[in-house]
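Engineer: structure, please.
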Amino acid sequence: MPVDHYENFPVASLLLPARLREPVEAIYAFARGADDVADEGDATTEIRLAGLQAFRDGLDRIARQEPPAAGALAPMFARLGKAVADHRLPLLPLYDLLDAFGQDVVKIRYTDFAELLDYCRRSANPVGRLLLHLYEATDEVSLRDSDRICSALQLINFWQDVAIDWRKPRIYLPADDMARFGVTEADIAAARCDERWRALLAFQVGRAREMMLQGAPLAHRLPGRIGWELRLIVQGGLRILEGIEAAGYDVFRRRPELGRADWLRIGWRALLSRPRSSGSTHVQGQG
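Structural biologist: Prediction:
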């Protein structure tokens, strides 16, 4: 479960029931394809936004129960349309994803954490909500905890990718937090990992960890293999945060990634983890 791109989320894992692998793959293909339009290559802003509009048009056709328009995207939308129809999936989360990807094209700075969380609400949370619809677990508490896990995964991705995002050139660190800790854009440009930077990133790592642990009880409420899938995702995200800390918060020179030894530790922790009440900030098995 590398915390990177849309691999933040379970993608047709062997732990998933076979009947759910196809719709999960269809959702992933849509999200990954649209994200690549917004973020990959050297296309102009106009071309990226036009590409995302083609994805919106495809969703509109699904909403009208029309076949996909002819073209390169037709197979992907045919697959997605079948998943939507077969599992009665809501389309709003898919539109939210496109809204977030469009925002990424034109917005490269965030004023405060609330603004960043609003982005996460549309860029990450929709995937978790769609998966809960597939699992038929759409009660209010499950949706809330899923949002916490998905937003935490998005934040973890931001903190491990500060240097990568700077080259785009984006900064997801909230501007008010940067000012409070005395970190400037010039510091990021210079890859300056001093006490100010370490304090800022330690604060953000703590935020992401708390959010992840608050959502973690969902992994124990979901049944069978689905729950195990989510436990591994939670532990993988927490392990990335430990990697950031182990690197002394110097994500400029050492981007934390999960290796074989990490996977063994993640599996062990998932096995030992115990359910806690929602809102708890402690999960057993963190040794």
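Engineer: pLDDT value on the closest residue in space to Leu218 that isn't next to it in sequence, please?
Structural biologist: Excluding the flanking residues, the one nearest Leu218 by Cβ to Cβ, 6 or more residues apart in numbering is Asp145, at 3.8 Å. Where C-beta positions appear, they are placed from N, C-alpha and C, glycine not excepted. For Asp145, the model assigns a pLDDT of 97.
Engineer: what comes up buried for the helix or strand containing Asp145?
Structural biologist: Taking DSSP states H and E as the criterion, the element that holds Asp145 is helix 140-160. For helix 140-160, the buried set under the neighbour-count rule, 16 or more other Cβ atoms under 10 Å, comprises 142-143, 145-160.
Engineer: shaky segments in the stretch 51-200 of the chain?
Structural biologist: Judged by pLDDT under 70, the stretch 51-200 of the chain has no weakly predicted residues.
Engineer: which parts of it are helices?
Structural biologist: Here the stretch 51-200 of the chain has its helices, by DSSP state H, counting those that start in this stretch, at 74-87, 92-106, 113-123, 125-135, 140-160, 162-166, 175-181, 185-189, 195-215.
Engineer: let me know which of those helices is the nearest to Gln65.
Structural biologist: Shortest distance between Gln65 and the helices of the stretch 51-200 of the chain, using Cβ to Cβ, is found for helix 74-87: 7.9 Å.
Engineer: tell me how this protein divides into domains.
Structural biologist: With domains defined by automatic domain parsing, the chain comprises 14-106, 108-287.
Engineer: and Gln103, how many neighbours does it have?
Structural biologist: When neighbours are counted by other Cβ atoms under 10 Å, Gln103 registers 15.
Engineer: contacting residues around it?
Structural biologist: Taking Cβ atoms under 8 Å, 6 or more residues apart in numbering, we find Gln103 in contact with 119, 122.
Engineer: ok, the closest residue to Ile188 other than its chain neighbours to Gly267 distance?
Structural biologist: Take Ile188 and drop its neighbours on the chain: the residue closest to it by Cβ to Cβ, 6+ apart is Trp166, 5.4 Å away. To Gly267, Trp166 is 34 Å away according to Cβ to Cβ, to the nearest Å.
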